[in-house]
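> give me a 3D structure for the following:
(one chain, ligands or ions: 2)
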Amino acid sequence: MLREELIFVGNCDIAGHVRGKGFPARELRARKKQGIGWTHSNLMQTAFGPILDTPFGTGGDLMVVPDMSAEARVDFADGTVPEHFILGDIRNTDGSPWECCPREFLRRAIAALDAASGLHLIAAFEQEFIYTGVEDRPGHAYSLGAWRRQGGFGESLIAAFRAAGLKPDSFLPEFGQRQYEFTITPEPALKAADQAVIARELVRATAFRLGHRANFSPMPVADGSGNGVHIHFSLHDASGAPETYDADGPLGLSEPAVQFCAGVLHHLPAITAITAPSPVSYLRLTPNRWAPTEIDIRKQDRGAALRVCPVFDVKGKKKIAEAYNIEFRVSDGSANPYMALGALIFTGADGIARKLSLPKHSGEAPPLPRSLGEALDGMEKSEAVQAWFGPTFLEAYLRHKRSELGYIAGLEPPELCARYAEVY
Ligand code: GLU
Ligand code: MG
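Ligands and ions are numbered 1, 2, ... in the order given. A predicted model of the protein is given here:
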């Protein structure tokens, strides 16, 4: 059959979906500058598709301009067309960044951290999902059986990551039925978020080619296991030297790392609606799911919001300092990785700027928001969030999520989970 290669240029939106447009690959040179046409209300498409509410109406033009550092081209060598897409920035027609571009939000956060501390953040995303290509068999948590039954999926996936320039760290059967997990090695913040989006799409692309699908919904089945997206991070100075570890610091953290984490905890009620942005996110953030329920930091505790991770290296302080990292666990697959990481960095940068200390609790730590509605209220009233977003983006974000809440209002957990499992 006659064929000509196409490229898709897209951006990851408020719903966490990658949306964009395609064009003939031979037009790429021109498209690198002009991108593809876009409009303001495209950002307002909910996870379910329809635009339920928008401050932008039907007017206005924007461009999504591809960034060649976020290109993925994977030929699965199975007769299907190559998976070829490039992520980009949403720009105004004069080329300036659009204030509501999620990728730009992350860039602003990176700049805020630099301004507050001169430090840079390196991140690694660990993402969990359900692969439908295996039978739903109980009792196989982490098992060799669950590993075996996914057959060639894992190997094709790793090859796809590699072909797209990602460095896979691990792939494993997780605790839940049909649940798997992968991690990409740490990269500077913007690249890490690009790769989190690319990797998620490659999981979907690989499953699709095998006649199945991957499901990243935070809670695919009510009362089942949650799918988390855990963001590991560490701080580095301008030369790349690690700045997270101090053997004598609290929890083994350096002074800037303490302040960063204090900032995250301080602002967590205001950013949970960004990192856990769907109603089903709050079915995951419940007790006994290895997911956080409180605003806390703990060493080597998988139930904490911030987990100070173990370092399996006995070769001395230098090696420990290089590997020392903290894991943010209040995030899931319905979040936009640029926005989740951007929110994390904004809060941490503020902690450093204000030299915050870690909270001291007697007894239990304060709870995380218990619902998306509560989290959105916390977001709306935070002056810090207002400054990080700007009025236009904040209004768009709140209206997007609240309109989606209205859309699913009244659904009981089993049906709610089923609806979100269809779209993530
Ligand atoms: N599935 C759990 C979550 O929702 C995490 C399990 C783990 O510790 O990897 O975050
Ligand atoms: Mg896991």
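> hey, let's count contacts and neighbours off CA atoms from now on
Will do.
> residue nearest the centroid of the protein?
Nearest residue to the geometric centre of the chain (Cα atoms, centre = their mean): residue 337, 2.8 Å.
> the nearest residue to that one once chain neighbours are set aside: neighbour count?
Spatially, and ignoring its direct neighbours in sequence, residue 337 is nearest to residue 193 (5.4 Å; Cα to Cα, 6 or more residues apart in numbering). By the criterion of other Cα atoms under 10 Å, residue 193 has 26 neighbours.
> for residue 193, give me the backbone phi and psi.
Phi and psi for residue 193, reported as degrees, to the nearest 10, are phi -70, psi -40.
> any regions of this protein where pLDDT drops low?
For the chain, applying pLDDT under 70 flags the ranges 313-317.
> up against ligand 1, what does it have?
Proximity of the chain to ligand 1, by Cα under 6 Å from any ligand atom, involves residues 225, 226, 227, 228, 290, 291, 302.
> which residues does the last one contact?
Right, residue 302. Contact analysis of residue 302 by Cα atoms under 8 Å, 6 or more residues apart in numbering lists 290, 291, 292.
> nearest to residue 4 among the residues you listed?
Taking Cα to Cα as the measure, residue 4 lies nearest residue 291 of the contacts of residue 302, at 45.9 Å.
> give the contact list for the closest one.
Counting by Cα under 8 Å, 6+ apart, residue 291 makes contact with 226, 228, 284, 285, 302, 303, 304, 305, 329, 330.
> let's see that with 6 Å instead.
Shown in contact with residue 291 (Cα atoms under 6 Å, 6 or more residues apart in numbering): 285, 303.
> now it: which helix or strand?
Assigning secondary structure by DSSP states H and E places residue 291 outside every helix and strand.
> phi, psi of it?
phi -120, psi 150.
> numbering from 174 from now on, please.
Sure, I'll start numbering at 174, so the last one becomes residue 464.
> mind checking how far it is from residue 541?
For residue 464, the distance to residue 541 equals 11 Å [Cα to Cα, to the nearest Å].
> how close does the residue in the stretch 474-597 of the chain that ligand 1 sits nearest to get to residue 234?
The nearest approach of the stretch 474-597 of the chain to ligand 1 comes at residue 475, 5.5 Å away (Cα to the nearest ligand atom). From residue 475 across to residue 234, the span is 45 Å (Cα to Cα).
> and for residue 596?
Using Cα to Cα, residue 596 is found at 27 Å from residue 234.
> which element is the residue nearest to residue 581 when sequence neighbours are not counted on?
Spatial nearest neighbour of residue 581, chain neighbours left out: residue 589 (7.3 Å); criterion: Cα to Cα, 6+ apart. For residue 589, the host element (DSSP H and E) is helix 586-596.
> repeat for residue 551
Residue 551 is part of helix 545-553 when elements are defined by DSSP H and E.
> buried residues, the following helix or strand past that helix. List them.
Sequence-wise, the next helix or strand downstream of helix 545-553 (DSSP H and E) is helix 556-562. Within helix 556-562, the residues scored as buried using 16 or more other Cα atoms under 10 Å are 557, 558, 559, 561, 562.
> how far off centre is helix 556-562?
Distance of helix 556-562 from the chain centroid (Cα atoms, centre = their mean, to the nearest Å) equals 20 Å.
> using CSV, write out the CA atom coordinates for it.
The C-alpha trace of helix 556-562 is given here as CSV (Å, rounded to 0.1, in the frame of the first residue of the first chain):
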residue,chain,number,x,y,z
GLU,A,556,-2.0,33.4,47.1
ALA,A,557,1.2,31.5,46.1
VAL,A,558,-0.7,29.5,43.5
GLN,A,559,-2.4,32.7,42.2
ALA,A,560,1.1,34.1,41.6
TRP,A,561,2.5,30.9,40.0
PHE,A,562,-0.4,30.6,37.6
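> taking helix 545-553 as reference, get the angle to the helix or strand following that helix.
Scanning forward in sequence from helix 556-562 by DSSP H and E, the next helix or strand is helix 564-581. Counting by axes from the mean of the first three to the mean of the last three Cα atoms, to 10 degrees, helix 564-581 points 170 degrees away from the direction of helix 545-553.
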